[in-house]
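# Predicted model and sequence below, questions to follow.
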Amino acid sequence: MTDLDQRINQTLRERAEGSVDTDRLLAAAVVRGRGRVRRRRTAAGLALGVVAVLGLGVVTDPAGLIDSGPDGTPGPGLPADAVVAVVPPRADDVPGAAAQPDLLGADPQLLHFGFSSDGFRYLSWSVQSGVEMARLDVDGHTVTLELSASAEALPLRAPGLPALVPELITEGVFDGSVSHAAGPYGVTVWLRHWQPAPGVYARATAIADDERELFEVAGALRLDQAHRCGGPLRLTTLPAGAQVTRCEVTMAPFPAAYGVQLTVAGSNPGGIQVELQYAIGIAGGRTVGNREVNGKPAHIDQQSGELELLGFPKAHLTANFGWPAQGYTEADATTVLGGAQVAEHLDRPTTW
């Protein structure tokens, strides 16, 4: 459970009894919020959208928040509230972490692990600061798995730990032992450190009744495969001296919505934030631009420093080089979007 999940649940519990489908609320936030706040970053946009929903006092029938209509079917025959398991696309020409543990976190465009079980649903995955992460739905509980090539690369506080929970992490201990602590609302936080292979450091966090989900994830972990982090988006051209330094994909609301975030940075301070935002509620959109990128229409917002490449059904592809990123120019953003490769069928992950 992320901080955003906790805030959603806490706010709703203060207003009403019963369980909360946060994924549906997130999807609704994307679908409704994108029209109001088109240029917010994916994660911030989701949070603001959910806050807006809560501010309206909407606490019942979250499914009713999702727009319906002739364009309301995400993919062939999938209702907006369908639960669809999305897996990052395979990178069969890349070795897994077992063969080359030093690759873990070295290239933010690649994940060097996978899972043998098809019973897990990815909520998100990311690579940044030397850590590869997957956030999973396991039997209705959220498990966050982190992998790195060194114990030092893992941050001192594990994602998923609720606020006010005593620190569970014992630095330098990767012996497979499990610790736990009581969290708010009667939940229990479980934490495990271990080494699934030589040179591979793993940490898993779960909010559940017991440690079972931790061992399910560990048992299904595969270190002999690799996947592409960017999902439907690849960047093939970058400004001189720049590289992709961060990748994060949020799939929790799929098939109603999802988001891809890539950070491009180099020696200059700041960076370019590239985002692909997909939502079934995005209808039409701008078709006429004020710029061209490799012969394709694009639109620049000089005030915000955001360049958008047009022509993607139910999606927006943007490169933000303005505040708070800064350090780059419109020409740099044009270079990045000029080499962006986007999957033809954004609603069909198996084609990515």
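Perfect, I can see it now. Remember, predicted model here, so these are calculated numbers, not experimental data.
# Point out where the stretch 51-200 of the chain drops to low pLDDT.
Low-confidence segments of the stretch 51-200 of the chain (pLDDT under 70): 51-83, 158-160, 162-167, 171-172.
# what do you get if the cut-off is 50, keeping everything else the same?
For the stretch 51-200 of the chain, applying pLDDT under 50 flags the ranges 51-77.
# what ranges do the strands span in the stretch 51-200 of the chain?
110-111, 114-115, 121-128, 131-138, 141-148, 178-182, 188-197, 200-207 (DSSP state E, counting those that start in this stretch).
# Gln261 - nearest residue in space that isn't next to it in sequence?
Closest residue in space to Gln261, ignoring its immediate chain neighbours: Glu248 at 4.7 Å, by CB to CB, 6 or more residues apart in numbering. No exception for glycine: its C-beta is placed from N, CA and C like everyone else's.
# circling back: out of the strands of the stretch 51-200 of the chain, which is closest to Arg222?
strand 114-115 (4.6 Å; CB to CB).
# still on that earlier bit, would you turn the strands of the stretch 51-200 of the chain into CSV with mean neighbour count and distance to Leu276?
Output for the strands of the stretch 51-200 of the chain, formatted as CSV (neighbours: other CB atoms under 10 Å; distance: least, CB to CB, whole Å):
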stretch, mean neighbour count, distance to Leu276
strand 110-111, 25, 17
strand 114-115, 20, 22
strand 121-128, 21, 14
strand 131-138, 22, 19
strand 141-148, 24, 23
strand 178-182, 15, 37
strand 188-197, 20, 31
strand 200-207, 24, 28
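# List the residues that contact Glu330.
By CB atoms under 8 Å, 6 or more residues apart in numbering, the contact set of Glu330 is 300, 305, 307, 321.
# Just these: which are in strands?
300, 307 (DSSP state E).
# For Gly96, see how far away the closest residue to Pro88 other than its chain neighbours is.
Using CB to CB, 6+ apart and skipping the chain neighbours, the partner closest in space to Pro88 is His227 (3.7 Å). Counting by CB to CB, to the nearest Å, the separation of His227 from Gly96 is 10 Å.
# Now list whatever residues contact both of the two.
Joint contacts of His227 and Gly96 (CB under 8 Å, 6+ apart) are 113-114.
# follow-up on the earlier one: the residue nearest to Pro88 reaches Val87, doesn't it?
Yes - with contact defined as CB atoms under 8 Å, His227 and Val87 form a contacting pair (7.3 Å).
# joint contacts of those two?
Shared contacts of His227 and Val87 (CB under 8 Å, 6+ apart): Gly114.
# I figured Val178 was touching Val189, is that so?
No - here Val178 does not reach Val189: they are 10.9 Å apart, not a contact under CB under 8 Å.
# show me where the chain has helices.
Taking DSSP state H as the criterion, the chain carries its helices at 3-15, 22-36, 42-55, 212-220, 330-338.
# mean pLDDT lowest for which of those helices?
Ranked by mean pLDDT, the helices of the chain bottom out at helix 42-55, with a mean of 36.
# picking up where we left off before, Gln261: which of the contacts of Glu330 is nearest?
Phe321 (14.5 Å).
# re earlier: between His227 and Val87, which is the more surrounded one?
Shown here are His227 and Val87; by other CB atoms under 10 Å, His227 has more neighbours (22 against 18).
# Please list all residues in contact with the more buried one.
Applying CB under 8 Å, 6+ apart, we find His227 in contact with 87-91, 110-111, 113-114.
# repeat that for 10 Å
With contacts defined as CB atoms under 10 Å, 6 or more residues apart in numbering, His227 is in contact with 87-92, 94, 96, 110-114, 125, 132, 134.
# again with Met133
105, 111, 124-127, 144-148, 159, 203, 248.
# go with 8 Å
124-127, 144-147, 159.
# what does Trp125 give?
88, 111, 132-135, 229, 248-249, 251.
# Can you pick out the most distant pair from the residues you listed?
Across the contacts of Trp125 (CB to CB), the longest gap, 15.7 Å, separates Glu132 and Met251.
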